[in-house]
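> Got a predicted structure plus its sequence, pasted below:
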Amino acid sequence: MSIPEEIVEEFKHLLEEVKFNLIDHIFLSKEEDLTKFQKQNIQKAVSILEKNIVGEVKYFGGNTDKNADQFNEFVEKLNQTVNSDQYEPHNEELRKLIKTYVKTLKELIEKTCYAIIPVKEMPWKDILFRTVPRISIEEGTIQLFDDLISFYGEIDTLISKTTIYGKIKNEKPLFAPVMGEIELDIDITRENIERSTKKIYNFTYINALIKALETKSTQNHLMRYHEGYQRHGEPICDFLMNQNDLMTSMNNLLSGIESGRLSSKAVVCAIAYPEKENNRTIVLTLDEREASDKFEKCFESVLRLSAACYEVPKADMISSTPMGAQQPAARQGQTMQTPAGQEMKVWTAEELAQQAKEREAAGLPDGVEAWSEEDLQQLAQQRNRGIPEGMEVWSEEELQELAKKRQGGGLDIPEWKPDEDMLECPNCGYTLRSDWSECPICNTPVGDVNSQHPPISPDSESETRIEPETDPEAETESKDVPMEPEPSKSEEESDQKD
């Protein structure tokens, strides 16, 4: 059934509003009470560890009949919520989606199971196996994927940083550190998970951890270490990636990208998650191949990763930054030595938090001016009323004039007009200054020029001869040293007769 994307987004929002708690439908069961799918998966997982099992295996399976009333309440709440004004425009389409989703959700419950398997001569006291069916509401369809499985256990050692293993399209797989905390979509108080309790046995907690591996924020840790740190620099990750047998085993895990379930660029297939309150580490791997050998592949990867976590560099051997391993920084007490040999003080997170509190209590240092929100609003109003001091202002005419200059290539060439104080020599046409007594070219007296050519009025429409501008220095020289006048025609004729 093809569904418009707009309605799909509304339906996802509806499911966020009406939460479904899967743990309410998972029960401790006898093996014979499990569904066929549950029994087949658990038997294949247990058969791998048959020679190392010590004690009774505990089986847990999803069942829609044992808690049918609560499931019906969830469905009824969905139908009531979709009748609200918020979902009114697509009420009919959403009701059809609810019907399809409820049917798929029942199938998911019946395909969900897990087992607690006590073992000997292993890195863990108990190894847990579970199926991880997923409902996908993408590209206009509701689909159930039931090939995903997981092995996980708790090892008696604490690694210094949460470490994930994943795959990126067209790149080699890698281990990467989580720079911060994994975001778990779970209310620890509501689920009654005490600090002293082993979270490995809490289905809801592990379910939230697995879901967190598919979030964009967790995938970004993988991409950041690949692109920003060139896949190198975190001591734990460097150590794990240098273990050839481990990397070969981890590379055998089939990811959601390779199976076609996910369309993202990166996917996380495994995690080593430290529990600082218990000084232990949860190690979990995922595989979703269809072939039956996925049980062996998935178990081998969690076994090798758990064993390697006992050997990774400890917190007192490495610095607190991902790239710290690249620096030969030897920490001595409360100082750290840089590659240049300088000693720098080191603060813990608690010390930094304490200093921040002290600054807040002390207030601002002397001489530092502070503005309240009212002050800032008043300043903004003052700026809006007038023009700030020092800011140049242009009139509309000036802006138009600037625009004309830009259109002319930035050249400000004024229109040429004849100088009212300057005359032309009637004999040679040379422009004469008002203080000249005679033409420097032909020695014609200026008085004769004035009598023959009165000053040009501004309103004169007669054509004016445009002369090129002359160099003032050249004009000065010509005034001081009169040029030899050209001979007249009568003089030339007399010379020829002689």
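Nice, thanks for sending it over.
> When you work out contacts or count neighbours from here on, use the C-alpha atoms and nothing else.
Noted.
> Pull stretch 129-148 out as PDB, backbone CA atoms only.
Presented in PDB, the C-alpha positions along stretch 129-148 are these (Å, rounded to 0.1, in the frame of the first residue of the first chain):
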ATOM      1  CA  PHE A 129      20.600 -13.600  22.700                       C
ATOM      2  CA  ARG A 130      17.600 -11.800  21.300                       C
ATOM      3  CA  THR A 131      15.700 -11.200  18.100                       C
ATOM      4  CA  VAL A 132      15.300  -7.500  17.100                       C
ATOM      5  CA  PRO A 133      12.400  -7.300  14.600                       C
ATOM      6  CA  ARG A 134      11.800  -3.800  13.200                       C
ATOM      7  CA  ILE A 135       8.800  -2.000  11.700                       C
ATOM      8  CA  SER A 136       9.800   0.300   8.900                       C
ATOM      9  CA  ILE A 137       7.400   3.100   7.800                       C
ATOM     10  CA  GLU A 138       9.400   4.400   4.800                       C
ATOM     11  CA  GLU A 139       8.700   5.200   1.200                       C
ATOM     12  CA  GLY A 140       4.900   4.900   1.700                       C
ATOM     13  CA  THR A 141       4.900   1.300   3.100                       C
ATOM     14  CA  ILE A 142       4.700  -0.400   6.500                       C
ATOM     15  CA  GLN A 143       7.000  -3.400   6.500                       C
ATOM     16  CA  LEU A 144       8.400  -5.800   9.200                       C
ATOM     17  CA  PHE A 145      12.000  -6.800   9.100                       C
ATOM     18  CA  ASP A 146      12.600  -9.900  11.200                       C
ATOM     19  CA  ASP A 147      16.200 -11.000  10.300                       C
ATOM     20  CA  LEU A 148      18.000  -8.800  12.800                       C
END
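> tell me the mean pLDDT for that stretch?
Here stretch 129-148 scores 89 as its mean pLDDT.
> and if you look at stretch 180-199?
Stretch 180-199 carries an average pLDDT of 65.
> Show me how the chain divides into domains.
1-146, 150-323, 420-456 (automatic domain parsing).
> where along the stretch 201-350 of the chain do the helices fall?
203-212, 216-227, 235-241, 244-251, 256-259, 294-309, 349-362 (DSSP state H, counting those that start in this stretch).
> and among the domains of the chain, the most buried is which?
For these, ranked by mean neighbour count under the definition mean count of other CA atoms under 10 Å, the leader is domain 150-323 at a mean of 18.
> Adding mean pLDDT and distance to Glu277 as columns, could you present the helices of the stretch 201-350 of the chain in CSV?
Listed next are those as CSV, based on pLDDT from 0 to 100; distance: least, CA to CA, whole Å:
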stretch, mean pLDDT, distance to Glu277
helix 203-212, 93, 15
helix 216-227, 91, 22
helix 235-241, 95, 20
helix 244-251, 96, 28
helix 256-259, 84, 32
helix 294-309, 96, 18
helix 349-362, 72, 17
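> Could I get these in JSON lines, plus columns for distance to Tyr430?
Putting the helices of the stretch 201-350 of the chain into JSON lines (distance: least, CA to CA, whole Å) gives the following:
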{"stretch": "helix 203-212", "distance to Tyr430": "94"}
{"stretch": "helix 216-227", "distance to Tyr430": "78"}
{"stretch": "helix 235-241", "distance to Tyr430": "91"}
{"stretch": "helix 244-251", "distance to Tyr430": "96"}
{"stretch": "helix 256-259", "distance to Tyr430": "91"}
{"stretch": "helix 294-309", "distance to Tyr430": "102"}
{"stretch": "helix 349-362", "distance to Tyr430": "84"}
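> picking up where we left off before, out of the domains of the chain, nearest to Ala353?
Counting by CA to CA, Ala353 lies closest to domain 150-323 out of these; the figure is 16.3 Å.
> what's the offset of that closest one from the middle of its chain?
Taking CA atoms, centre = their mean, to the nearest Å, one finds the center of domain 150-323 at 22 Å from the center of the full chain.
> Over to stretch 3-10?
With CA atoms, centre = their mean, you get 26 Å for stretch 3-10.
> follow-up on the earlier one: can you tell me which of the helices of the stretch 201-350 of the chain is nearest to Ile159?
Per CA to CA, nearest to Ile159 of these: helix 294-309, 6.9 Å.
> what angle do that closest one and helix 244-251 make?
140 degrees (axes from the mean of the first three to the mean of the last three CA atoms, to 10 degrees).
> related to what we said a few turns ago, looking at the domains of the chain, which one has the lowest mean pLDDT?
What stands lowest among the domains of the chain, in mean pLDDT terms, is domain 420-456, with a mean of 73.
> I'd like the domains of the chain written out as a markdown table, with distance to Lys345 added.
What follows is the domains of the chain, written out as a markdown table (distance: least, CA to CA, whole Å):
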| stretch | distance to Lys345 |
| --- | --- |
| domain 1-146 | 39 |
| domain 150-323 | 13 |
| domain 420-456 | 82 |
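> So which of the ones you listed is nearest Glu398?
Of all these, it is domain 420-456 that lies closest to Glu398, at 28.1 Å by CA to CA.
> Going by contacts, tell me the helices and strands next to the longest helix that the chain contains.
In the chain, with assignment by DSSP state H, the single longest helix is helix 91-110. Helix 91-110 sits against helix 5-17, strand 58-62, helix 68-82, strand 134-138, strand 141-145, with contacts defined as 3 or more CA pairs under 8 Å, 6 or more residues apart in numbering; DSSP states H and E.
> Show me what the helix or strand just after it is packed against.
Going down the chain from helix 91-110, the next helix or strand is strand 113-118, by DSSP states H and E. In this structure, strand 113-118 packs against helix 36-48, strand 58-62, strand 124-131, with contacts taken as 3+ CA pairs under 8 Å, 6+ apart.
> re earlier: of all the helices of the stretch 201-350 of the chain, which one comes closest to Val46?
helix 294-309 (9.5 Å).
> got the angle for that closest one vs strand 124-131?
Note on geometry: by the same axes, to 10 degrees, helix 294-309 and strand 124-131 are set 140 degrees apart in direction.
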